[in-house]
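Student: Here's a sequence, model it:
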Amino acid sequence: MDLKEKAHHGKQVNQKLKPYLVLQYLLKETDENHTQTATEIVAYLEDDCGITAERRSIYRDIEEINKAQLALEEGCTIQEAEEMLTDDVDDDLKLIVYNKAKKGFYVRQRHFDLTDIRLLAECVYSTKFISEGQSKRLLDVVCDFVSNHQAEKIRHNAFLTDRVKTNNRSVLKNIATINEAMSRKIEGQPHEPEKIEFKYLKYTIDDMSGQAERRHGEKYCVSPHQLLISDGNYYLLAFDDRFRKMRTYRVDRMKEVERKGQAREGEAAFKEIDLHTYTQRTFGMFGGEEKLVTIRFINPLLDAAVDRFGARGSVYQKTDDTHFTLTTKVEVSDQFFGWLLSFGRRAKLIGPDDVVDQFRAYMDKIREIY
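Tutor: Prediction:
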């Protein structure tokens, strides 16, 4: 008997790795619509892993995997898990299931549905504040929870969309730094929320290939209070040192974000803000003076009004058979006026009078350039 035959009949190498490799292979290659037979698993182990195996050993490995997985999930012993699996005639407790119709094994998803993963993938890719490269990397992370066959469909569907994405690759790092600055504990130790500083970016018509630094590179110093997501963008709500009031900043336009080590300011100003309605009344995150306004709409615009301001917290009243009024708080700004103008004659600002006067002045300035 030569050495190769002795190796085959003697102790096989890497046999302890076999159950782990079988599980990883099935996780990637199987789902409810795609199965693998014991023979195909044996071929994978021999061709890709250099491990010899018999079909009967694959069955044993899968039994052991199911017992171990159930014991971990239920917090019971291996023996108790074995008894539970014996009593489970419908295979509901098994991680790896045998499909009699397709004569193969597959891993049954137990904690999420494929539609959940698809939704998460689309959320990642549609988010404007995450760069193209980061979206693809995060999509890989999300797709690790499904089979290769399912991941291929998810990636194809996600990348059919067309989104305006940031070019700033440091967004996730910026978010981490901001969160640390706002934290009251860091690595288990007490921490006083502190200020941050950063450079703020903008596009210039002279060079559209990238963004230039505002204020000629002078750093902004603010006291961070809350991160907000609105219309696919990440914003920081912070107390600005220069203007001494709360302002919002696009996180994807921040550069070189650093903690200052100085105590945060603006606690009183932040407490006055109702975060539940802040993004509803702040148009495009451009702040202005908060006012209680009344707008009259034609009835078909009710959905548009509710989408913007919500069904609660604002007052909706029927005025006649074709109109209703909305009374709500908004931060009066050019962005609010622009939103109102988008409805043309179908919406009318009723009051208060000073806001109506501002709206007229806004329209007069637009007319002057035509």
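Student: which element follows the worst-scoring helix or strand of the chain on mean pLDDT toward the C-terminus?
Tutor: Ranked by mean pLDDT, DSSP states H and E, the weakest helix or strand in the chain is helix 3-9, scoring a mean of 46. Where DSSP states H and E defines the elements, the next helix or strand beyond helix 3-9 is helix 18-29.
Student: what comes into contact with whichever helix or strand comes after that next one?
Tutor: With elements assigned by DSSP H and E, the helix or strand that comes after helix 18-29 is helix 38-49. Residues from elsewhere that reach helix 38-49 (CB atoms under 8 Å, 6 or more residues apart in numbering): 14, 17-18, 21-22, 25-26, 36, 51-55, 58-59, 104-105. Where you see a C-beta, it was placed from the backbone N, CA and C, and this is true even at glycine.
Student: Show the contacting residues for Ile175.
Tutor: 227, 234, 251.
Student: element containing the second one, please.
Tutor: Using DSSP H and E, Tyr234 sits within strand 233-240.
Student: which secondary structure elements does that strand contact?
Tutor: helix 171-182, strand 220-230, strand 245-250, helix 267-271 (3 or more CB pairs under 8 Å, 6 or more residues apart in numbering; DSSP states H and E).
Student: Mind giving me the packing neighbours of the last one?
Tutor: With contacts defined as 3+ CB pairs under 8 Å, 6+ apart, the secondary structure elements packing on helix 267-271 are strand 233-240, strand 245-250.
Student: burial measure for Thr322, as a count.
Tutor: A count of nearby residues for Thr322, using other CB atoms under 10 Å, gives 10.
Student: closest one to Ile298 among the helices and strands packed on strand 233-240?
Tutor: strand 220-230 (26.7 Å; CB to CB).
Student: Strand partners (parallel or antiparallel) of that closest one?
Tutor: strand 194-204 (antiparallel), strand 233-240 (antiparallel) (DSSP bridges).
Student: Give me the angle between that strand and strand 245-250.
Tutor: Interaxial angle of strand 220-230 relative to strand 245-250 (axes from the mean of the first three to the mean of the last three CA atoms, to 10 degrees): 60 degrees.
Student: sorry, back to before: from the contacts of helix 38-49, keep the buried residues only.
Tutor: Using 16 or more other CB atoms under 10 Å as the burial test, those include 18, 21-22, 25-26, 36, 51-53, 58, 104-105 as buried.
Student: Could you export the residues you listed as TSV, including pLDDT and distance to Ser147?
Tutor: Listed next are these as TSV, based on pLDDT from 0 to 100; distance: CB to CB, whole Å:
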residue	pLDDT	distance to Ser147
Lys18	91	20
Leu21	93	16
Val22	93	15
Tyr25	91	11
Leu26	91	9
Gln36	93	10
Ile51	90	22
Thr52	89	26
Ala53	89	22
Ile58	93	18
Gly104	93	13
Phe105	94	12
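Student: what residue ranges in the stretch 151-300 of the chain score low on pLDDT?
Tutor: 156-168, 205, 208, 279-287 (pLDDT under 70).
Student: try 80 this time
Tutor: Under the criterion pLDDT under 80, the flagged ranges of the stretch 151-300 of the chain are 152-169, 203-210, 230-233, 275-288.
Student: Could you export the buried ones among the contacts of helix 38-49 as JSON lines, including distance to Arg184?
Tutor: Putting those into JSON lines (distance: CB to CB, whole Å) gives the following:
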{"residue": "Lys18", "distance to Arg184": "48"}
{"residue": "Leu21", "distance to Arg184": "45"}
{"residue": "Val22", "distance to Arg184": "46"}
{"residue": "Tyr25", "distance to Arg184": "46"}
{"residue": "Leu26", "distance to Arg184": "44"}
{"residue": "Gln36", "distance to Arg184": "50"}
{"residue": "Ile51", "distance to Arg184": "51"}
{"residue": "Thr52", "distance to Arg184": "57"}
{"residue": "Ala53", "distance to Arg184": "54"}
{"residue": "Ile58", "distance to Arg184": "53"}
{"residue": "Gly104", "distance to Arg184": "53"}
{"residue": "Phe105", "distance to Arg184": "49"}
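Student: Those: which two are farthest apart?
Tutor: Among the buried ones among the contacts of helix 38-49, the pair separated by the greatest distance (CB to CB) is Thr52 and Gly104, at 21.0 Å.
Student: Measure how buried Tyr98 is and give me the count.
Tutor: 16.
Student: ok, now which ones touch the closest residue in space to it that isn't next to it in sequence?
Tutor: Once flanking residues are discounted, Tyr98 sits nearest to Phe105: 5.5 Å by CB to CB, 6 or more residues apart in numbering. Taking CB under 8 Å, 6+ apart, we find Phe105 in contact with 26, 30, 35-38, 41, 62, 96-99.
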